[in-house]
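> need a 3D model of the following:
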Amino acid sequence: AALFMFNAWLTWARTKGGITSTSLAFQLVMDSSVLAYLLHFSEGIENPFFLLYLFHAQVAAMLLPSRDAVRLAIWSAGLLLFLTFGEYSGALTHHSLLLLPHEALSPCLARNFSFLGPLLAAFILVYAGATLFTITIMNRLLADNAHTLASERLSVLGRVIGFVAHEINNPLAVISIKAH
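Numbering: from 1, shown residues only. Coordinates of the predicted model:
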């Protein structure tokens, strides 16, 4: 309900032109928190949709300042680690989907460290790498954009100076010819 209300407010604010990076960051924090909640009740780390955390990191890296994007990446990774280690230790109840109960196939993978260790290590490496890669690309694009704008300004300034010099030179040339 809270996420729905915030999304309604964000939609209203967008029509008024009032979306800030703080509201976007809050939206992404709420989305990743709701994703953690949903994952907890749908097999946790065993659910392949845990990779949706990558989406939040990429969106944050594109829309937010670098520092805020890194904070959101740490928050999201922390939520996933909390969920995973909570289920591994038994502090959080592991919920399996009723479509495919664990007892029918194999023991619960959420309590198998040989499954969790490499999976979490690979996820953290990919998550951190993708976040840093996107932040780097966005910073380069912003720098290139600033450079392009500066070049265009200098080009326009050069044309204006050339036009002014031409307009000043024409009357001077006429006066010089008439004087001789």
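> neighbours around residue 44, how many?
Burial of residue 44 is recorded as 25 neighbouring residues (other C-beta atoms under 10 Å). Where you see a C-beta, it was placed from the backbone N, CA and C, and this is true even at glycine.
> so it versus residue 96, what's the distance?
For residue 44, the distance to residue 96 equals 9 Å [C-beta to C-beta, to the nearest Å].
> kindly report the same for residue 167.
81 Å.
> please apply the same query to residue 114.
19 Å.
> most centrally placed residue in this protein?
For the chain, the residue nearest the mean C-alpha position is residue 60 (2.0 Å; C-alpha atoms, centre = their mean).
> surely that one meets residue 29?
No - with contact defined as C-beta atoms under 8 Å, residue 60 does not count as touching residue 29 (9.3 Å).
> and residue 167 and residue 96? Which one has more around it.
Taking neighbours as other C-beta under 10 Å, residue 167 and residue 96 compare with residue 96 leading, 19 against 9.
> can you report phi and psi for that one?
phi -100, psi 160 (degrees, to the nearest 10).
> next, work out how far apart it and residue 111 are.
12 Å.
> shaky segments in the protein?
18-19, 98-110, 172, 174, 180 (pLDDT under 70).
> which strands and helices sit next to the longest helix along it?
The longest helix of the chain (DSSP state H) is helix 113-179. For helix 113-179, the elements it packs on are helix 53-63, helix 66-89, judged by 3 or more C-beta pairs under 8 Å, 6 or more residues apart in numbering; DSSP states H and E.
> list the buried residues in the longest one.
By that I understand helix 66-89. For helix 66-89, a neighbour-count test (16 or more other C-beta atoms under 10 Å) marks 66, 68-70, 72-73, 75-77, 79-80, 83-84, 86-88 as buried.
> between residue 60 and residue 29, which contacts overlap?
residue 72 (C-beta atoms under 8 Å, 6 or more residues apart in numbering).
> may I have the helix or strand containing residue 11 as CSV, with CA atoms only?
For residue 11, the host element (DSSP states H and E) is helix 2-16. Extracted in CSV, the C-alpha atoms of helix 2-16 (Å, rounded to 0.1, in the frame of the first residue of the first chain):
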residue,chain,number,x,y,z
ALA,A,2,2.9,2.4,0.9
LEU,A,3,4.6,1.7,-2.4
PHE,A,4,1.4,2.3,-4.3
MET,A,5,0.8,5.6,-2.5
PHE,A,6,4.4,6.7,-3.2
ASN,A,7,4.1,5.8,-6.8
ALA,A,8,0.9,7.8,-7.1
TRP,A,9,2.6,10.8,-5.5
LEU,A,10,5.6,10.4,-7.8
THR,A,11,3.3,10.3,-10.8
TRP,A,12,1.5,13.5,-9.6
ALA,A,13,4.9,15.2,-8.9
ARG,A,14,6.1,14.3,-12.4
THR,A,15,3.2,16.1,-13.9
LYS,A,16,4.1,19.2,-11.8
